[in-house]
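> Got a predicted model here, sequence first, then my questions.
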Amino acid sequence: MSQDSGSTPRTSVWAVVLVAWSVFELASGGKLRWSFSTATLDQHLYLMHALFGALIALPALAAICKAITPARRTTRRTAFGVLGLAATGAAATGLYLCLAGSTAQPSSPRDAHMVTSAAVLLLLLGAAMTRRVEPSPEPARSGIAVLGPLLALAIPCAATGLTMAVWPLESNAVAFPEKYFRKTEPFIPSRLKTAHGGALKIESLVTGHKCGECHQEIYKQWLSSSHRQSTISKWYEKQVQLRMDTSDMRGYAGARFCGGCHEPVVMLSGNLDDGGFGPNYPPNKDEGITCVGCHRAVAIRDTVGNGSLVHGANQPYLFQNHENENLRTLGRALVRGKPDLHASDMMRPELKKPDFCATCHQVFFKTLYGKLFLIQNDFDVWKASPYNKGPGHEKTQRCQDCHMPLVDSRDPAAKNGKVHSHRFIGANTGRPFQIGDKEQLARTEEFLQQACYLNVHGPDKLEPGKPARFDVIVTNANVGHNFPGGTTDMVDAWIEAIATDAKGQQLFASGLVDPKTLHVDPASHFYRTVPLDIYGAHLFRRDLWNTYRVKEARLIPPEKSDLATYEFPLPPGTAGPVTFKARLRFRRSNQRFTDYVFTDKQMVIPITDLAEDEVRVSMEAQTPNQDQHLKPATDVEDKSTTGGSD
């Protein structure tokens, strides 16, 4: 429409639209800034806020470029220049918040975005008010002029409602398959539960690589961990198959005893059952104990163990588990929009408690003879140890403080440049050795070598033809539970002791490893438990449901010591000095069980030397040349042996 040169120009349709959308942007931005939650409305509002912000910025910037010409009046050029700066600032800060919001800890970028967006609205509103809307003799056109701003404002509101209808926030809860073996206490004999009593969508449990899209450093740590390897360990697979074949609960029902901790993907989805995917389902093998295996737990049932966690079915963010990569990108943008909500959802207070670890690292069952057998009892021992000063006490050392130490990181989850390591370093040297993970193996061995001290004490003098006696004291110096911990019927931990004369000839030996079979001398001084069946046979295959009694249980409590005494005759003419050397050795799996697991080949598991010491004693009456750095023995339990322990 043409205008008289002397009249005030009418407000254009685009000006009305831009002002109306700017009002939407300011209102939605205020809502998101001060009361953003993971509610469906807020998430869709965030997406529409970003979309219409971009739609405002593009034509506004184009109009500014067109308006700033030498022909324009100076006042108008200045006004458009200010508007241009405000629009540029709003667009730049908005883009920054979308792309890097997860690392934007200070509030200044968000505040700057709010200020510049408000400036754009005020400038557009001022520009619109300087233009005169002349009354139209046509009632219809006058109505449109009045309803125009409202219609423009309705567009983003309608778009928000439409996306909410197309992409609702869905729950991860699903019903168990119709033929699932039982609907009440469905995960028996595991003590795992879900808050809603049903199963979970399997795609909501396959999350490792999805979490790794943002948390790359933590994801890389987890890939090396025993949690990640929990379902693909040959030792574990053999154990589960044995339970499925021979326990009182056959088939997948028996596998659920282990699956409650080791296989959350098929367990929580109701697929560890006849007719389900079963333990060989590829994503189950790939994930192991996946991120949500811990981070989606909403409650701790108790510290009795056997998987005593309660898992929730909530899916707090849109597109979180969507197959479409572009939609998952939008989901990550929602997380970045308010990262503290994501952090509070994924880092529940329960995760920081040692009780959380107890839910899987306390393991028991009732044997066929009605007896309770503790396979693993680390939490109860820690709870009664000097490391536990009480909940919240600054000197309490939790499970997480040792097994998830703070490490340098630039991960989005880092605080002050640190995250808790997700390598979950413990005592498992077998798995990283088997798969060739040299870094994980080196870190595990370094961790183990901080566990204990070993001190050797000998006599002041020795006489040929008479018995020689040496004491070896092993102190559990830095382990918050028994040494060894974990599945103590499976490990090899023992003392190797060797005495030699001045010519290097061996006078005595205990704890040697057979170079062919790789078995340890059975008369060695071991730290382990030895379960027996009703006939007195050693349950070396770990069919522990057949346990009738425990023959041997030698474990060292925290900050306690164990004494092993070695006595042997010295031949006449022994040349002094006599050197007595002892070392504490560790192997994750005893060779007999490993041979049972790997029937097709001999698997060599690395032996790690945790501590060692030696003394030299002359054949004359003089003070032995003992190391001065040795720590005094305290709280020693005398378990003397002659020529080694049975």
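Yes, it's here.
> residues in contact with residue 82?
119, 123 (CB atoms under 8 Å, 6 or more residues apart in numbering). The C-beta positions use only the backbone N, C-alpha and C, and glycine is treated the same way.
> and if you look at residue 508?
Residue 508 is in contact with 468, 497-499, 566, 568, 643, counting by CB under 8 Å, 6+ apart.
> same thing but at 7 Å, please
499, 566, 568 (CB atoms under 7 Å, 6 or more residues apart in numbering).
> A helix includes it, no?
No. Per DSSP: H, G, I helix; E, B strand; the rest coil, residue 508 lies outside any helix segment and is strand.
> if we can go back for a sec, would you show me how to pick out the buried ones of the contacts of residue 508 in ChimeraX?
The following ChimeraX line selects those of the contacts of residue 508 that are buried, judged by 16 or more other CB atoms under 10 Å:
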select :499,566,568
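> Return the subset of the contacts of residue 508 lying in helices.
Among the contacts of residue 508, the subset assigned to helices under DSSP state H is empty.
> and which of the contacts of residue 508 is nearest residue 448?
Of all the contacts of residue 508, residue 448 sits closest to residue 566, with 23.9 Å by CB to CB.
> what separates that closest one from residue 254, distance-wise?
Counting by CB to CB, to the nearest Å, the gap from residue 566 to residue 254 is 44 Å.
> now residue 114
According to CB to CB, residue 114 stands 59 Å off from residue 254.
> try residue 222
28 Å.
> now the contacts of residue 508 in a markdown table, with distance to residue 385 and pLDDT?
Formatted as a markdown table, the contacts of residue 508 follow (distance: CB to CB, whole Å; pLDDT from 0 to 100):
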| residue | distance to residue 385 | pLDDT |
| --- | --- | --- |
| 499 | 35 | 97 |
| 566 | 29 | 98 |
| 568 | 36 | 96 |
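> Go through the contacts of residue 508 and name the one nearest residue 397.
Once CB to CB is applied, the member of those that ends up nearest residue 397 is residue 566, at 33.9 Å.
> Which residues are in contact with that closest one?
470, 472, 497, 508, 510.
> Double-check the third one against residue 507; I have them as touching.
Spelled out, that is residue 497. No. Counting by CB atoms under 7 Å, residue 497 sits too far from residue 507 to count as a contact (11.0 Å).
> Look at those two and report which has more neighbours.
Neighbours per residue (other CB atoms under 10 Å) separate residue 497 from residue 507, with residue 497 holding more: 25 against 17.
> can you tell me the helix or strand for the more buried one?
strand 492-500 (DSSP states H and E).
> who touches that strand?
Residues from elsewhere that reach strand 492-500 (CB under 7 Å, 6+ apart): 472, 474, 484, 506-512, 520, 524-528, 564, 566, 568, 578-587, 590.
> What separation do you get for the residue nearest the centre of the chain and residue 463?
The centroid of the chain falls nearest to residue 422 when counting by CA atoms, centre = their mean (5.1 Å). Distance, residue 422 to residue 463, using CB to CB: 58 Å.
> which residues in the stretch 201-350 of the chain form strands?
Along the stretch 201-350 of the chain, counting by DSSP state E, counting those that start in this stretch, strands occupy 297-300, 309-311.
> Dump those into JSON lines; add mean neighbour count and distance to residue 554 as well.
Converted to JSON lines, those look like this (neighbours: other CB atoms under 10 Å; distance: least, CB to CB, whole Å):
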{"stretch": "strand 297-300", "mean neighbour count": "16", "distance to residue 554": "32"}
{"stretch": "strand 309-311", "mean neighbour count": "22", "distance to residue 554": "32"}
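> In its sheet, which strands sit next to the strand holding residue 497, and in what direction?
strand 506-510 (antiparallel), strand 525-526 (antiparallel), strand 578-587 (antiparallel) (DSSP bridges).
> Now mean pLDDT and distance to residue 184 too, for those strands, in CSV please.
Output for the strands paired with strand 492-500, formatted as CSV (pLDDT from 0 to 100; distance: least, CB to CB, whole Å):
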stretch, mean pLDDT, distance to residue 184
strand 506-510, 97, 54
strand 525-526, 98, 43
strand 578-587, 98, 43
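> what about this structure, any weak spots by pLDDT?
Applying pLDDT under 70 to the chain picks out residues 1-12, 14, 59-81, 83-84, 99-107, 124-146, 181-183, 274-276, 620-646.
> what residues go with each domain of it?
Under the assignment automatic domain parsing, the domains of the chain span 13-166, 173-315+353-424, 446-638.
> could those go into TSV alongside distance to residue 346?
Formatted as TSV, those follow (distance: least, CB to CB, whole Å):
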stretch	distance to residue 346
domain 13-166	12
domain 173-315+353-424	5
domain 446-638	26
